[in-house]
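**Student:** coordinates only, sequence not included:
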């Protein structure tokens, strides 16, 4: 005699306790001084190398990506009023990149005075942006820039260590 198939009713999942106040506080917290310094040390290093005319292609692309993140912060409305400065810096970086690869392989290039001014100005203003952002806002802008670059076929995503940028590692 065949009986009815037996089905086991799965036990109810226990709700996972969520500390909503902790979650909200983390999302709304400003970047710490150490986080801002860590970000800006790499940006200042890349800008200095460009100013000296000895920047590697990776350093120039790192600076360009930083400016794209700054532009996304502007677009999202977190810190407004820097669009013209960001665009000027991006144009300066693009022209330096174009000159650097004219021969088919990377060659460091000297910056023109207006390029130097635009990049230096925007590096200082990006630090101002970071001081007025919540951590989640920077994370959101960064994720959007990465997604946009990947959707445009912008190459591979690199996680660059300070040593790869030519920065001294202090332990």
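**Tutor:** On my side now, so go ahead. Predicted model only: the values in this text are computed from it and were never measured.
**Student:** can we go C-alpha only for contacts and neighbour counts from here?
**Tutor:** Will do.
**Student:** how about stretch 36-56: buried residues?
**Tutor:** Buried residues in stretch 36-56, defined by neighbour count with 16 or more other CA atoms under 10 Å: 40, 42-51, 55-56.
**Student:** Just the ones of these in helices?
**Tutor:** Counted as lying in helices by DSSP state H, out of the buried residues of stretch 36-56, are 40, 42-51.
**Student:** Of these, which is the nearest to residue 158?
**Tutor:** residue 42 (14.5 Å; CA to CA).
**Student:** so that closest one touches residue 162, yeah?
**Tutor:** Yes: between residue 42 and residue 162 there is a contact under CA atoms under 8 Å: 7.0 Å.
**Student:** now the buried residues of stretch 36-56 in CSV, with pLDDT and distance to residue 67?
**Tutor:** Below are those laid out as CSV (pLDDT from 0 to 100; distance: CA to CA, whole Å):
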residue, pLDDT, distance to residue 67
40, 95, 12
42, 93, 13
43, 95, 10
44, 96, 12
45, 95, 14
46, 94, 12
47, 96, 11
48, 95, 15
49, 95, 16
50, 94, 14
51, 94, 16
55, 94, 16
56, 93, 17
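**Student:** Quick check: the gap between residue 49 and residue 62.
**Tutor:** Applying CA to CA, to the nearest Å, the value for residue 49 to residue 62 is 12 Å.
**Student:** ok, now residue 45?
**Tutor:** Taking CA to CA, one finds residue 45 at 10 Å from residue 62.
**Student:** Show me where the chain has its helices.
**Tutor:** Under DSSP H, the chain gives helices at 20-28, 33-52, 57-76, 83-100, 113-131, 135-151.
**Student:** Could you check the angle the fifth one makes with helix 33-52?
**Tutor:** Orientation of helix 113-131 against helix 33-52 (axes from the mean of the first three to the mean of the last three CA atoms, to 10 degrees) gives an angle of 180 degrees.
**Student:** Could you list every helix and strand in contact with helix 113-131?
**Tutor:** helix 33-52, helix 57-76, helix 83-100 (3 or more CA pairs under 8 Å, 6 or more residues apart in numbering; DSSP states H and E).
**Student:** run the last query once more with 7 Å
**Tutor:** helix 33-52, helix 83-100 (3 or more CA pairs under 7 Å, 6 or more residues apart in numbering; DSSP states H and E).
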